[in-house]
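Q: Structure, please.
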Amino acid sequence: QLQLVESGGGLVQPGGSLRLSCSASGFTLNVYVIGWFRQAPGKEREGVSCISLNDGSTNYADSVKGRFTISRDNAKNTVYLQMNNLEPEDTAVYYCATPGPFRPCVLYPSGMNYWGKGTLVTVSS
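A: From the prediction side, this is the model:
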């Protein structure tokens, strides 16, 4: 059974860094893409970044370009989101998700079919 589990969230001061992890199981990773999404209180869920587990190609939302980096370790079945120079506006529950096999790397939540339960990131002084 396909399963995604996020970890690494927490409280960080503005300008700080966090690394989120998404541990995947139950499927053949190299035919999938994994995306990171977030949902702030009172706001709609939005795409942050995604990565192809086959060729490592990536996609980023404009709001995080230059600050966030997505990467993968196929041997560990894990996708990471390194978040630097965090801002209060980055406060949200962060989710990893996948649309399923042989799908493109896209950043709209409606394109995803499998979701983790999320991890909370709070950026505050």
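
Q: show me what contacts Arg103?
A: For Arg103, the contacting residues are Tyr32, Val33, Gly111, by C-beta atoms under 8 Å, 6 or more residues apart in numbering. (Glycine included, C-beta is placed from N, CA and C.)

Q: Any chance of those residues in a markdown table with distance to Thr91 as columns?
A: Listed next are the contacts of Arg103 as a markdown table, based on distance: C-beta to C-beta, whole Å:
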| residue | distance to Thr91 |
| --- | --- |
| Tyr32 | 28 |
| Val33 | 26 |
| Gly111 | 24 |
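
Q: check contacts around the most centrally placed residue in the chain.
A: Centrality entry for the chain: nearest residue to the mean C-alpha point is Trp36, 2.1 Å, by C-alpha atoms, centre = their mean. Listed by C-beta under 8 Å, 6+ apart, the contact set of Trp36 reads 20, 22, 47-50, 70, 79, 81, 94-97.

Q: Leaving out the residues flanking it, which one is nearest to it?
A: Val48 (4.3 Å; C-beta to C-beta, 6 or more residues apart in numbering).

Q: could you say which helix or strand contains the one you found?
A: In this structure, Val48 sits in strand 46-52 according to DSSP states H and E.

Q: State the pLDDT value of Val31.
A: With respect to pLDDT, Val31 scores 74.

Q: That concludes my questions; thank you for your assistance.
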